[in-house]
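*Asks:* Pasting a predicted model and its sequence here:
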Amino acid sequence: MASTGDSDFFVTSFDERIARIYPISEWMKTEKLLHEPGEDADAAEDLWFTAMDLGGMCQIDGQSRVLLPPALRRTLGLENVACHCEYFKGYVNVFNEQVYEERKQRARDERSAKLTAFKKKGL
């Protein structure tokens, strides 16, 4: 993610299952979305609260790692275990083995229909 030009990151979770690592430039877009929610003000406030409760600023260390805040690691079951990462829509999702297996199964469910739909869109 250093290719984004960002050296600072915000790491958090909105669902207490999947961590998100945002380059600061992407996090600022998310902040704006939550600070200007329109009719979804209560939902935005709750999402913001969770993000702030679990999240924190971080940088890439000398070994090219991003260290997750301890409260986030504990809540998501990421302490002393292998984790899985995926880059999606400007941020990196990080999840433990259980969530990874659930995501894998969800991706398999009705895969043929999903593939057909996106072939029509040019995939």
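*Replies:* Thanks, I have the structure now.
*Asks:* When you work out contacts or count neighbours from here on, use the C-alpha atoms and nothing else.
*Replies:* Noted.
*Asks:* residues contacting the residue nearest to the spatial centre of the chain?
*Replies:* Centroid-nearest residue in the chain: Arg20, 2.3 Å away (criterion: CA atoms, centre = their mean). Counting by CA atoms under 8 Å, 6 or more residues apart in numbering, Arg20 touches Val11, Thr12, Ser13, Tyr91, Val92, Asn93, Val94.
*Asks:* go again using 10 Å as the cut-off
*Replies:* Contacts for Arg20 (CA atoms under 10 Å, 6 or more residues apart in numbering) come out as 9-14, 27, 51, 55, 68, 85-88, 90-95.
*Asks:* Skipping its backbone neighbours, what lies nearest Glu45 in space?
*Replies:* The shortest distance from Glu45 to any residue other than its chain neighbours is 7.3 Å, reached at Leu34 (CA to CA, 6 or more residues apart in numbering).
*Asks:* pretty sure that neighbour is touching Phe14, no?
*Replies:* No: in this structure, Leu34 is not within contact of Phe14 by CA atoms under 10 Å, at 11.7 Å.
*Asks:* Which residues are in contact with each of the two?
*Replies:* What both Leu34 and Phe14 touch, as defined by CA under 10 Å, 6+ apart, is the set Asp46, Leu47, Trp48.
*Asks:* Quick check: of those, which lies closest to Glu101?
*Replies:* Leu47 (24.9 Å; CA to CA).
*Asks:* Let me know how buried that closest one is, in neighbour terms.
*Replies:* 16 (other CA atoms under 10 Å).
*Asks:* now do the one 10 residues further on
*Replies:* Applying other CA under 10 Å, we find 16 residues neighbouring Met57.
*Asks:* would it count as being in a strand?
*Replies:* Yes: checked against DSSP: H, G, I helix; E, B strand; the rest coil, Met57 lies within a strand.
*Asks:* Identify the residues contacting it.
*Replies:* If you count contacts by CA under 10 Å, 6+ apart, Met57 has them with Asp8, Phe9, Phe10, Val11, Thr12, Ile21, Tyr22, Pro23, Ile24, Leu67, Leu68, Pro69.
*Asks:* Nearest spatial neighbour of Ile21, chain-adjacent residues omitted?
*Replies:* Val11 (4.5 Å).
*Asks:* For the helix or strand hosting the one you found, which residues meet the burial criterion?
*Replies:* Taking DSSP states H and E as the definition, Val11 sits inside strand 8-13. Neighbour counts over strand 8-13 (16 or more other CA atoms under 10 Å) mark Asp8, Phe9, Phe10, Val11, Thr12, Ser13 as buried.
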